[in-house]
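[1] build me a model from this:
(2 chains)
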Amino acid sequence: MHYSKMFISTLKEVPAEAEAISHILMLRAGYVRQLAAGLYIYLPLGLRVIERINKILHEEMNAIGAQEITMPALHPSEVWQETGRWDEIGEEMFRLKDRGGRDMCLGMTHEEIIAWLAAKEIHSYRELPQIWYQIQVKLRDEARPKSGVLRTREFLMKDSYSLDVDEEGLENSYQLHAEAYHKIFSNCGLKYYMVESDPGMMGGAKAHEFMAPSPAGEDEIALCDGCGYAANVELALSIPKKVEIQNWVLEEIHTPEKRTVKEVSDFLKITPEYFIKSILLISDKCPVLALVRGDQELHEKKLNKIIGNHRQAHKEEVKEILGVEAGFIGPMNHKIRIVADSCLKEGVYVSGANKSHYHKKGIKPGKDFTAEWFDIHIAKEGDFCTKCNTPIRIENAIEVGNIFMLGTKYSHPMKAFYLDKNGQEKPIIMGSYGIGPARIAASAIEQNNDKDGIIWPKSIAPFDVEILPLNTKDSKTVEVAEKLYKLFIDEGIEVLIDDREERAGVKFKDADLIGIPIHIIIGEKNLKEGLVEIKDRRTKETAKVKIEDTVKKIKEKIKD
RNA sequence: CGGGGCGUAGCGCAGCCUGGUAGCGCACACGGUUCGGGACCGUGGAGUCGAAGGUUCAAAUCCUUUCGCCCCGACCA
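    Modelled structure (predicted):
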């Protein structure tokens, strides 16, 4: 491709609306433009990257026997009503009516459609298993689109769905996907982790996410270097560091106007890990007192699984239910349900005295109060792994893919049944698996850039090589550049040639910004000796090679 | 949905407090010089000051409403 013929519009200045590095660089290097919040146009360079990612997706999905289909983005409401999600899902679903007044929606995912298809087409165990996939647009009315292409309202997704006769079959399809995903993300040159995740509202037994570590990521993941435990913080288990067991005797201390752990901790000169935080919650059924250690945070999602939906109690409710002013609650002598974090089983603590402006020191769990024990704290950096006791790390990460075991959540209501060997009618066991190509591209930029611009992994760069004829007024330069260009094309190497009548500096700057991994610099002086320069975008190292050896050298470089 | 910020030329911004001819840099067009790390000089084109209403002799500037975009949080099947 000739640069002068391709629409590439680079920006010298950082657009005001961009914050994330990938967003800034995609705009500056001319990969995307924003139409409105969470809606992006992919320019020629951007589309090339997406297409290279899609090619990898196709290869690996086809390799596990998945078959490509394509489903509509516009759905009739009926299928969503069948599974109940028409009502379950709130404002995040784009809804509209057709001219006949029928309710329609824009597809945010395709479990319903797959189950509908399977219900119509699959009748016998002989037709199973199946894996169907598409690379197609999804629409979600996100509450807050952000970070450029990382969270948008319309986005491309590779979504696949497995249909199996039983749990064992599902396990196999799940495993196939996990392996394919490992290949896909490493082929794309990403640093990533496969972590345990919360199946949540998707339903089903097991789910994993593929996470590309990056400060721009919205998720936090807990990682153990000891045993490889990796989990999304939304469900990660951990053991907080142990505290010394103090030989305090139970005593009441006057703590005027000191309500928060920090205030009391500063006042008594006792560090927060010796405190018990008591939080009153109102669940659907009854009030619950939740206890976590002073240096820990209560994990709402974990607690949700134990006591169901709940909310924080208001100040008046605290007074009414516990008979204490908020800020001075202690775990002792209450008749309500108490759920405490397991790490509080051992130790001697300080907590509210259930009396305004007083705290109690020397509280012993088991003796002074009892509770149901669960892991209900948020795992944090420095906590220990529950499996091997190694300190864990917390990293921010971008969710680039996920795999879910669904079971019969969708097949049952959609009546996707098959007849087994004995003529028995059984529901198809489903799994669903997603990858966001745009997130792969953005993650690759987040993980590979420098002050000058993008450094694409070779596999997903818009071109393999960029040729920079520095002085296009020199006929020899142009002749050699065009000759090499043709040779590359003949070899099936994707090449961009910067044939613009621009000064050398401009070409260097744009080449660095755009981030094609290998540059071939053609300058007059080297040419006189029959040489051109090969430059590595990442290391910035250059090597002079003979013109006739260039293609061979580049082929070697592309391979490794 | 809660909190904060910003809308002035294609892009980045100043001007607004204290009302009085709409500016700077980059980009763009033309001419000349330059030419291996975003050149220089000269000339030029380009703006309903996000929108609506109000106050005023006079509004980019003050007031009200509204729309859009970004950031933090909540949410995210």
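[2] could you look up the SS state of residue A:301?
    Following DSSP: H, G, I helix; E, B strand; the rest coil, we place residue A:301 in the helix state.
[3] which residues of the stretch 351-500 of chain A lie near RNA strand B?
    Contact residues, the stretch 351-500 of chain A versus RNA strand B (Cβ under 7 Å from any atom of the strand): A:452, A:470, A:471, A:473. In this view, the C-beta of every residue, glycine as well, is placed from N, C-alpha and C.
[4] where does the prediction get shaky in chain A?
    Residues of chain A meeting the criterion pLDDT under 70: A:200-204.
[5] list the contacts of the residue most central in space within it.
    What sits nearest the mean C-alpha location of chain A, by Cα atoms, centre = their mean, is residue A:399, with 1.1 Å. For residue A:399, the contact set (Cβ atoms under 8 Å, 6 or more residues apart in numbering) comprises A:209, A:210, A:211, A:217, A:218, A:219, A:436, A:439.
[6] repeat the analysis, applying 7 Å as the threshold.
    A:209, A:211, A:219 (Cβ atoms under 7 Å, 6 or more residues apart in numbering).
[7] just give me the neighbour total for the closest residue in space to the first one that isn't next to it in sequence.
    This means residue A:209. Take residue A:209 and drop its neighbours on the chain: the residue closest to it by Cβ to Cβ, 6 or more residues apart in numbering is residue A:197, 4.2 Å away. For residue A:197, the tally of surrounding residues (other Cβ atoms under 10 Å) stands at 24.
[8] can you give me the helices in the stretch 451-560 of chain A?
    Along the stretch 451-560 of chain A, the stretches classed as helices by DSSP state H, counting those that start in this stretch are A:475-490, A:504-514, A:524-528, A:550-559.
[9] picking that back up, between the contacts of residue A:399, which is closest to RNA strand B?
    Nearest to RNA strand B among those: residue A:219, at 7.5 Å, using Cβ to the nearest atom of the strand.
[10] you'd agree that closest one is up against residue A:397?
    Yes - when contacts are counted by Cβ atoms under 7 Å, residue A:219 is listed as touching residue A:397 (5.3 Å).
[11] neighbour count winner among those two?
    Each of residue A:219 and residue A:397 has its neighbours counted (other Cβ under 10 Å); residue A:397 has more, 28 against 17.
[12] doesn't that one belong to a strand?
    Yes - assessed with three-state DSSP, residue A:397 lies in a strand.
[13] any idea what the residue in the stretch 301-450 of chain A that RNA strand B sits nearest to is bridged to?
    Here the stretch 301-450 of chain A gets closest to RNA strand B at one residue, residue A:404, 7.0 Å apart by Cβ to the nearest atom of the strand. Beta bridges link residue A:404 to residue A:207, residue A:432, judged by DSSP bridges.
[14] count of residues packed around it?
    If you count neighbours by other Cβ under 10 Å, residue A:404 ends up with 26.
[15] same check on residue A:471?
    The number of residues packed near residue A:471 is 16, by other Cβ under 10 Å.
[16] residue A:14 too?
    Using other Cβ under 10 Å, residue A:14 has 13 neighbouring residues.
[17] I'd say it and residue A:24 touch.
    Yes - between residue A:14 and residue A:24 there is a contact at 5.4 Å, judged by Cβ under 7 Å.
[18] what distance do you get for the residue nearest to residue A:209 to residue A:432?
    Residue A:197 is 13 Å from residue A:432, where distance means Cβ to Cβ, to the nearest Å.
[19] what do you get for residue A:53?
    20 Å.
[20] show me which of the two is the more surrounded one.
    Each of residue A:53 and residue A:432 has its neighbours counted (other Cβ under 10 Å); residue A:53 has more, 26 against 23.
[21] the more buried one sits in which helix or strand?
    Using DSSP states H and E, residue A:53 maps to helix A:44-63.
[22] and the next helix or strand past that helix?
    Assigned by DSSP H and E, the successor of helix A:44-63 is strand A:67-68.
[23] now do the buried residues in the helix or strand following that following strand.
    Remark: after strand A:67-68, the chain's next helix or strand is strand A:74-76, criterion DSSP H and E. Neighbour-count burial for strand A:74-76, counted by 16 or more other Cβ atoms under 10 Å, picks out residue A:75.
[24] helices of the stretch 51-200 of chain A, start to end?
    Taking DSSP H, counting those that start in this stretch as the test, the helices found in the stretch 51-200 of chain A are A:77-83, A:85-88, A:111-121, A:167-187.
[25] in the third one, which residues are buried?
    Neighbour-count burial for helix A:111-121, counted by 16+ other Cβ under 10 Å, picks out A:111, A:112, A:113, A:114, A:115, A:116, A:117, A:118, A:119.
[26] not counting residues beside it along the chain, what's closest to the fourth one?
    Beyond its immediate neighbours in the sequence, the residue positioned closest to residue A:114 (Cβ to Cβ, 6+ apart) is residue A:161, lying 4.3 Å away.
[27] tell me which residues touch residue A:103, please.
    By Cβ under 7 Å, 6+ apart, residue A:103 lies in contact with A:77, A:95, A:97.
[28] kindly supply the ChimeraX command isolating those of the residues you listed that are buried.
    Entered in ChimeraX, the line below selects the buried ones among the contacts of residue A:103, by 16+ other Cβ under 10 Å:
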select /A:77
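[29] let me have the contacts of residue A:103 in JSON lines, extended by distance to RNA strand B.
    Output for those, formatted as JSON lines (distance: Cβ to the nearest atom of the strand, whole Å):
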{"residue": "A:77", "distance to RNA strand B": "13"}
{"residue": "A:95", "distance to RNA strand B": "11"}
{"residue": "A:97", "distance to RNA strand B": "19"}
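[30] spatially nearest residue to the residue of the stretch 451-560 of chain A found nearest RNA strand B (excluding sequence neighbours)?
    Closest approach between the stretch 451-560 of chain A and RNA strand B, counting by Cβ to the nearest atom of the strand: residue A:523, at 1.8 Å. Once flanking residues are discounted, residue A:523 sits nearest to residue A:470: 4.8 Å by Cβ to Cβ, 6+ apart.
[31] surely that neighbour meets residue A:503?
    No - counting by Cβ under 7 Å, residue A:470 stays clear of residue A:503, with 8.6 Å between them.
[32] which of those two has more neighbours?
    Each of residue A:470 and residue A:503 had its neighbours counted (other Cβ under 10 Å), and the higher figure belongs to residue A:470 (21 against 11).
[33] who's in contact with the residue nearest to residue A:209?
    By Cβ under 7 Å, 6+ apart, residue A:197 lies in contact with A:207, A:208, A:209, A:232, A:235, A:402.
[34] as TSV, those residues with neighbour count would be great.
    Converted to TSV, those look like this (neighbours: other Cβ atoms under 10 Å):
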residue	neighbour count
A:207	23
A:208	24
A:209	25
A:232	22
A:235	20
A:402	22
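[35] now, the most widely separated pair of those?
    Taking Cβ to Cβ as the measure, those span a maximum distance of 13.5 Å, between A:235 and A:402.
[36] helix, strand or coil: sort out residue A:344 for me.
    Residue A:344 ends up helix, using three-state DSSP.
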